[in-house]
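K.L.:
Sharing a model prediction with you, sequence too.
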Amino acid sequence: MIELIKKLPKAELHLHIEGSLEPELMFRLAKKNNIEIPYKDVEDVRRAYNFTNLQTFLDIYYAGANVLITKDDFYDLTWEYILKCVEDNVIHTEIFFDPQTHTARGVAFETVITGIKEALADAKEKYGITSCIIMCFLRHLSQQEAFATLEEAMAFKEDIVGVGLDSSELGNPPSKFKDVFKKAKEAGFKLVAHAGEEADFSYIYEALDLLDINRIDHGVQSIKSAALMQRLKDEKIPLTVCPNSNIELKVFADYKEHNIKELLDYGLNVSVNSDDPAYFKGYINQNFINLIENLPLTEDDIITLVKNSFKSSFIEDELKEAYLAKVDLVVQ
Ligand code: ADE
Ligand code: ZN
């Protein structure tokens, strides 16, 4: 089954580019940019990646992002992730970035997006990897600040496919961002939101009813409501599930307790994604491998998970069909 996982072309729909910052690059950029980081070496960094919940991770993740200053830094960050895509046979990726994490430190929106965009253009040219960019609002900040970020993003409308919502979930429900999501929708952005990662399933209802999202990021708490499960199935709402992340952030105590197989068996549109792979011990293939080593997933389940990611992507139908045909070529 591991061979199948490696051979299958995949799409990734839930990847924070800042979460792909490997310790080695963090050290190189810290030195180049003269930024102090609270670690003495790479092993020391890895030792610090010992999280008890989402917030303990976010504190370290935002501190790590401080080393990103120039356009080249964002290019290098993105390019390193692209090399992992090549290794793991990811042929389409939809990446999140958090503009507010950078603009708050005086790094221009344009610097961030240009570095990411140029690396993604090179990925297309050199490896044929397609991609799109989704900008996330930080939910621990105010809706007013999200509005200001949306305003800034309008100059780069051509480069940004969608708008998302991430950061500290508990206490920052989707309802807090109702108006800014409405405006983003009117401007033509696709909409996604982290919901039901740590917080209860009411956040998923809010994301559906108040934000009118196209996809839910995580959404694993939906299992606690039979009515919501039925609705997600009826409305075919995709859930971008991130197994390693859920284990590292203690959403589930163990891979054996992860509910992805139950969600899949119920008929929900779930996919496998790496979230913040530099922090959560592995990229997309490692997520699949950890699942098959701990849950009774079949080869058909793996194929369904992979196909779901292409079907739920924001690419045009023709390319979707071409990618699904590539999957079929491997499994026939
Ligand atoms: N930002 C980066 N990773 C995140 C996650 N898993 N949940 C919420 N915000 C995030
Ligand atoms: Zn995430």
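P.N.:
That came in fine, so what should we check first? Here the structure is a predicted model, which is why all the values come from computation and not from measurement. Numbers count the residues shown, from 1 in each chain. Ligands and ions are numbered 1, 2, ... in the order given.

K.L.:
mind listing what residue 53 touches?
P.N.:
Contact partners of residue 53, counting by Cβ atoms under 8 Å, 6 or more residues apart in numbering, are 198, 249, 250. The way it works is simple: take the backbone N, C-alpha and C, and place the C-beta from them, glycine included.

K.L.:
With secondary structure as extra columns, can I get the residues you listed in CSV?
P.N.:
Compiled in CSV, the contacts of residue 53 are given as follows (DSSP: H, G, I helix; E, B strand; the rest coil):
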residue, secondary structure
198, coil
249, coil
250, coil
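
K.L.:
For the stretch 151-300 of the chain, which segments count as helices?
P.N.:
For the stretch 151-300 of the chain, the helices defined by DSSP state H, counting those that start in this stretch occupy 178-186, 202-209, 226-234, 243-248, 260-266, 284-292, 299-311.

K.L.:
and those, which is most packed in?
P.N.:
Comparing the helices of the stretch 151-300 of the chain by mean neighbour count (mean count of other Cβ atoms under 10 Å), helix 243-248 ranks first with a mean of 24.

K.L.:
Quick one: mean pLDDT over that one.
P.N.:
The pLDDT scores in helix 243-248 average 98.

K.L.:
Using neighbour counts, trim the contacts of residue 53 to the buried set.
P.N.:
198, 249 (16 or more other Cβ atoms under 10 Å).

K.L.:
Which one of the contacts of residue 53 is nearest to ligand 1?
P.N.:
Nearest to ligand 1 among those, counting by Cβ to the nearest ligand atom, is residue 249 at 6.8 Å.

K.L.:
Pick out the residue of the stretch 1-150 of the chain closest to ligand 1.
P.N.:
Residue nearest to ligand 1 within the stretch 1-150 of the chain (Cβ to the nearest ligand atom): residue 16, separated by 4.2 Å.

K.L.:
Export the contacts of residue 53 as CSV, with columns for distance to residue 106.
P.N.:
Shown next, in CSV, are these (distance: Cβ to Cβ, whole Å):
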residue, distance to residue 106
198, 31
249, 29
250, 34
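
K.L.:
and of the contacts of residue 53, the nearest to residue 97?
P.N.:
Distance to residue 97 across the contacts of residue 53 (Cβ to Cβ) is lowest for residue 249, with 20.1 Å.

K.L.:
That closest one contacts residue 49, doesn't it?
P.N.:
No. Applying Cβ atoms under 8 Å, one finds residue 249 not in contact with residue 49, separated by 11.1 Å.

K.L.:
Up against ligand 1, what does the stretch 51-200 of the chain have?
P.N.:
Residues of the stretch 51-200 of the chain found near ligand 1 (Cβ under 6 Å from any ligand atom) are 54, 61, 166, 167, 194, 197.

K.L.:
for the record, mean pLDDT for the strand or helix carrying the second one?
P.N.:
Take DSSP states H and E as the rule and residue 61 turns out to sit in helix 54-65. This predicted structure assigns helix 54-65 an average pLDDT of 96.

K.L.:
how far does that helix sit from the chain's center?
P.N.:
On the basis of Cα atoms, centre = their mean, to the nearest Å, helix 54-65 sits 15 Å off its chain's mean C-alpha point.

K.L.:
which residues sit in contact with residue 104?
P.N.:
Counting by Cβ under 8 Å, 6+ apart, there are no residues that residue 104 touches.

K.L.:
beta partners of the closest residue to ligand 1 within the stretch 51-200 of the chain?
P.N.:
Going by Cβ to the nearest ligand atom, ligand 1 is nearest to residue 166 of the stretch 51-200 of the chain, at 3.5 Å. Using DSSP bridges, the beta-bridge partners of residue 166 come out as residue 138.

K.L.:
do residue 192 as well
P.N.:
In this structure, residue 192 bridges to residue 215 when assessed by DSSP bridges.

K.L.:
thinking it is in contact with residue 217, fair?
P.N.:
Yes. Counting by Cβ under 8 Å, residue 217 is a contact partner of residue 192 at 5.8 Å.

K.L.:
Need the overlap of contacts for these two.
P.N.:
Residues touching both residue 192 and residue 217 (Cβ under 8 Å, 6+ apart): 164, 240.

K.L.:
where's residue 47 relative to residue 40, distance?
P.N.:
Relative to residue 40, residue 47 is positioned 10 Å away (Cβ to Cβ, to the nearest Å).

K.L.:
Then residue 28?
P.N.:
According to Cβ to Cβ, residue 28 stands 15 Å off from residue 40.

K.L.:
Those two: which is more packed in?
P.N.:
A direct count of neighbours by other Cβ atoms under 10 Å for residue 28 and residue 40 places residue 28 higher, at 14 against 9.

K.L.:
Just confirm that one is within a helix.
P.N.:
Yes. The assignment for residue 28 is a helix, going by three-state DSSP.

K.L.:
Offset the numbering so it begins at 16, please.
P.N.:
In the new numbering, first residue 16, that becomes residue 43.
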